[in-house]
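Trainee: Mind folding the following:
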Amino acid sequence: MPNWMKDLNPQEQSILELVAKAKEYFDRSAEPRETRLVDFPEFKGGNQDPLNQWKHQLRNRKQKPGETIENYIAAIEELWKRVDPQGRRTELDKIHEFIEGLRPEFIVPVQSAMPETAEEAMDRTRALETALSLNMELSVYSLIPVYLQNMNGGMIPAKTNMAMFQPTYTATQQAESIEKIVERKISEGIAAALGQIRTEPKPYQNNQGRNSGCYLCGKPGHIAKNCRQRSFQNNGNNSNNNNNNQRNNNNNRQNVKCYNCRRKGHVSKDCKALARQN
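Mentor: Take a look at the predicted model:
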């Protein structure tokens, strides 16, 4: 307490202390002067009105792939501050400008929520970004080239998003060294060659006949057409046929009658009587 305050009565001292505390609180809560200043850009040629330039930037400000909602909101709010330092813009204009610059996956869900203020639209977009970025960094999924085709221009469940995008995201985050790439390619080539060998049909081998049995003799090591038993059977059949033919000839001769001597058992050319006559 300053020395001059000691001469004051207790009531006056209390009033001064309250004024000092109020001033201290106001100094802490007041916005710094630097945040209220707007830097005017330097223009070279063309329209020199910075306000028109900022309005043009606001109309064409689009959320970029990989850009988080917080970064996009910060850029939009900065342009709002430049275009309207007095804060006279309506909430409807802010909502329209905010939604129009969002990436496609956010536009329809945020519009369907029908926010009444720009802050409600921002909160809705933050929640959607968190759901789409499940187990990933915020908005990283939008860096994948085909993410919009997979979404069909709309929303997808968070688990589906994770299953679709997480492998690609993980692969991009883990860059392989040259040695690892070469080693992996060699392993893939060896695996492919082994798989092709296993799937190719084996050519016919002559030694398969050695493992099959002969159906004539029942012994392994040869097939029926090379079986010795078959040769023996053929020889036996031939000899039997010869004997049968000879028997048939003898039987036939016994029934034959010679027209020279009129006797049975031979033909005329073998007739002994004819030989004696000559």
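
Trainee: What count of nearby residues applies to residue 187?
Mentor: 10 (other Cβ atoms under 10 Å). The C-beta positions use only the backbone N, C-alpha and C, and glycine is treated the same way.

Trainee: Figure out the helix or strand that it lives in.
Mentor: Applying DSSP states H and E as the criterion places residue 187 in helix 178-199.

Trainee: What segments of this protein are helices?
Mentor: 10-29, 33-36, 50-59, 69-83, 91-100, 104-113, 118-132, 147-151, 158-173, 178-199, 208-211, 228-255, 272-277 (DSSP state H).

Trainee: what is the mean pLDDT for the fifth one?
Mentor: Average pLDDT, helix 91-100: 93.

Trainee: try the third one
Mentor: Helix 50-59 carries an average pLDDT of 88.

Trainee: One more: the first one?
Mentor: With pLDDT averaged residue by residue, helix 10-29 scores 70.

Trainee: Just the CA trace of that helix, in CSV.
Mentor: What follows is helix 10-29, C-alpha atoms only, in CSV (Å, rounded to 0.1, in the frame of the first residue of the first chain):
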residue,chain,number,x,y,z
PRO,A,10,-10.9,2.8,5.6
GLN,A,11,-13.8,3.5,3.3
GLU,A,12,-11.7,5.5,0.8
GLN,A,13,-9.0,2.8,0.9
SER,A,14,-11.6,0.1,0.0
ILE,A,15,-12.9,2.1,-2.9
LEU,A,16,-9.4,2.6,-4.3
GLU,A,17,-8.6,-1.1,-3.9
LEU,A,18,-11.7,-2.0,-5.9
VAL,A,19,-10.8,0.4,-8.6
ALA,A,20,-7.3,-1.0,-8.9
LYS,A,21,-8.6,-4.6,-9.1
ALA,A,22,-11.1,-3.7,-11.8
LYS,A,23,-8.4,-2.0,-13.8
GLU,A,24,-6.2,-5.1,-13.5
TYR,A,25,-9.0,-7.4,-14.6
PHE,A,26,-9.8,-5.2,-17.6
ASP,A,27,-6.2,-5.1,-18.7
ARG,A,28,-6.0,-8.9,-18.7
SER,A,29,-9.3,-9.4,-20.6
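
Trainee: what's it packed up against?
Mentor: The helices and strands touching helix 10-29, judged by 3 or more Cβ pairs under 8 Å, 6 or more residues apart in numbering; DSSP states H and E, number zero.

Trainee: do you know how far residue 141 is from residue 129?
Mentor: 10 Å (Cβ to Cβ, to the nearest Å).

Trainee: can you check residue 271 too?
Mentor: 129 Å.

Trainee: Identify the residues contacting residue 21.
Mentor: Applying Cβ atoms under 8 Å, 6 or more residues apart in numbering, we find residue 21 in contact with no residue.

Trainee: Low-confidence stretches in the stretch 101-250 of the chain?
Mentor: 145-179, 181-183, 185-186, 189-190, 193-213, 215-216, 229-250 (pLDDT under 70).

Trainee: One more pass at 90, please.
Mentor: 104-106, 108-109, 112-113, 128-250 (pLDDT under 90).

Trainee: so residue 258 touches residue 272, yeah?
Mentor: No. Using Cβ atoms under 8 Å, residue 258 is not in contact with residue 272, being 9.5 Å away.
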